[in-house]
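Enquirer: Here is the input, now give the coordinates:
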Amino acid sequence: MAELRNSLKEKRLQLGLTQAELAERCGVTRKTVNTVENGVFVPSTVLSLRMAAALGVRLEELFWLE
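Expert: Numbers count the residues shown, from 1 in each chain. As a prediction, this is how the structure comes out:
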């Protein structure tokens, strides 16, 4: 079965954002950002789109199935 992977941490660090700053932009907690980055939590479609928009990337650049 395919697993959801992400480049959230890499994209966030490229912009010089902390987890807390990204969380604020997305309307979630820092812990939510942390758990998504570490693959513990699979974000909803809405949250995935918010994260991509907050980082200025396309959804497919941020999340993919492996």
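Enquirer: what about the helices in this protein?
Expert: According to DSSP state H, the chain carries its helices in the segments 8-14, 19-26, 30-37, 45-55, 59-62.
Enquirer: In TSV: the ones you listed, plus mean neighbour count.
Expert: All C-beta spots, glycine's among them, are computed from the backbone N, C-alpha and C. Shown next, in TSV, are these (neighbours: other CB atoms under 10 Å):
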stretch	mean neighbour count
helix 8-14	16
helix 19-26	18
helix 30-37	18
helix 45-55	17
helix 59-62	14
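Enquirer: Make a markdown table from those and add distance to residue 2 and mean pLDDT to it.
Expert: Output for the helices of the chain, formatted as a markdown table (distance: least, CB to CB, whole Å; pLDDT from 0 to 100):
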| stretch | distance to residue 2 | mean pLDDT |
| --- | --- | --- |
| helix 8-14 | 18 | 98 |
| helix 19-26 | 24 | 98 |
| helix 30-37 | 17 | 98 |
| helix 45-55 | 16 | 98 |
| helix 59-62 | 14 | 96 |
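Enquirer: Now tabulate the ones you listed in a markdown table and tack on distance to residue 1.
Expert: Shown next, in a markdown table, are those (distance: least, CB to CB, whole Å):
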| stretch | distance to residue 1 |
| --- | --- |
| helix 8-14 | 21 |
| helix 19-26 | 27 |
| helix 30-37 | 19 |
| helix 45-55 | 19 |
| helix 59-62 | 20 |
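Enquirer: ok, the closest residue to residue 64 other than its chain neighbours to residue 47 distance?
Expert: Distances taken as CB to CB, 6 or more residues apart in numbering place residue 5 nearest to residue 64, at 5.6 Å, with adjacent residues excluded. With distances taken as CB to CB, to the nearest Å, residue 5 is found 16 Å from residue 47.
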